[in-house]
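Undergrad: A structural model of the following input is requested.
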Amino acid sequence: MKIYLAGPMQAHGNYNFPLFDHAAEKLRAAGHEVFSPADHAREKLGSLEYIQKMGKAELEYAIRTQLFPEQITWICRHAEGLLMLPGWAQSEGAKIERQVALYFKKPVGELDNILLMDEPDTRHIGVLMLDLANRMV
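TA: Residues are numbered from 1 along each chain as shown. The predicted structure is shown next:
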């Protein structure tokens, strides 16, 4: 399945790359094709360290003129479903991505809570995402 990951990025100092990377890794290991905005940003702009050093206006320009239009296009043309990461409802971009997917009748899965990965007796976040992805099929 071709899955687009959506969630908050700009409100985090590390742009939430670790969560996007973890989710993408688990989904790819299960055989899914994943579009991660974190991967996309690194591919188009450079490393996380480089992105963190960009000026606010420069980064905003890159997001609005290059990254976000390409991401929306991928949702429209390729995505078979979206997986919403925790905190998505506070992200303007993620809310737009969700609306685009719903408009095109693509299933949207939602992961509301993150479990601590070292907490005993809890299911690994990757397993939860895979469960959601499999239910979207």
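Undergrad: what's near enough to touch residue 85?
TA: Under the criterion of C-beta atoms under 8 Å, 6 or more residues apart in numbering, the neighbours of residue 85 are 5-8, 16, 19-20, 23, 94, 111. (C-beta placed from N, C-alpha, C; glycine too.)
Undergrad: Compare those and tell me which is most surrounded.
TA: residue 6 (29 neighbours; other C-beta atoms under 10 Å).
Undergrad: All the helices of the protein, in order from the start?
TA: 17-29, 37-45, 48-53, 56-62, 68-77, 92-103, 125-136 (DSSP state H).
Undergrad: still on that earlier bit, and the contacts of residue 85, which is the shakiest by pLDDT?
TA: In this model, the minimum pLDDT among the contacts of residue 85 belongs to residue 111 (75).
Undergrad: wait, residue 40 sits on residue 71?
TA: Yes - if you go by C-beta atoms under 8 Å, residue 40 and residue 71 touch, sitting 6.4 Å apart.
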